[in-house]
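**Student:** I'll drop the sequence and a predicted model, then ask my questions.
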Amino acid sequence: MTIMARHLMILGRVQGVFYRNWAMDMAKSLGLTGWVRNRMDGSVEAWVGGPAESVKQFIALARQGPPAAQVARIDVEDGQAQGLSAFKKRPTC
């Protein structure tokens, strides 16, 4: 099994629409580790790690997000392994 990590910047109407809670539910259902947080600029930032196919599936789902979200784009970068054991919500930065 190939393990990968990705850092995501999710832009659009993604705050105030339960995007972080949705991301936590999706990541947990896919067996991923990482974190998600709101950013002061109105975007949502996430780091996801786990099996490559699950990470790719999370990114594909994140392009839609929860029903009220309007995702304009997602910037994806390779992520560094962080040794996390769960997926958590982090404070806004």
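**Tutor:** All right, it came through fine.
**Student:** How many residues are close by residue 74?
**Tutor:** Look at residue 74: counted by other Cβ atoms under 10 Å, it has 20 neighbours. To be clear about C-beta, it is placed using only N, CA and C from the backbone, and glycine gets the same treatment.
**Student:** Quick check: residue 57 vs residue 66, distance?
**Tutor:** 16 Å (Cβ to Cβ, to the nearest Å).
**Student:** typed the wrong thing, it's residue 48
**Tutor:** Counting by Cβ to Cβ - residue 48 and residue 66 are separated by 16 Å.
**Student:** who has more neighbours, these two?
**Tutor:** Using other Cβ under 10 Å as the criterion, residue 48 and residue 66 rank with residue 48 on top: 28 against 16.
**Student:** May I have the helix or strand hosting the more buried one as PDB, with CA atoms only?
**Tutor:** Per DSSP states H and E: residue 48 is located in strand 44-51. What follows is strand 44-51, C-alpha atoms only, in PDB (Å, rounded to 0.1, in the frame of the first residue of the first chain):
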ATOM      1  CA  VAL A  44     -10.100  26.300   4.600                       C
ATOM      2  CA  GLU A  45      -6.800  24.500   4.900                       C
ATOM      3  CA  ALA A  46      -6.300  20.800   5.400                       C
ATOM      4  CA  TRP A  47      -3.500  18.300   5.600                       C
ATOM      5  CA  VAL A  48      -4.500  14.700   4.800                       C
ATOM      6  CA  GLY A  49      -2.400  11.600   4.900                       C
ATOM      7  CA  GLY A  50      -2.900   7.900   4.400                       C
ATOM      8  CA  PRO A  51      -3.400   5.300   1.600                       C
END
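**Student:** Next one, pLDDT for the residue of the chain most remote from its centre please.
**Tutor:** For the chain, the residue at maximal distance from the C-alpha centroid (Cα atoms, centre = their mean) is residue 1, at 20.9 Å. Looking at residue 1, its pLDDT is 76.
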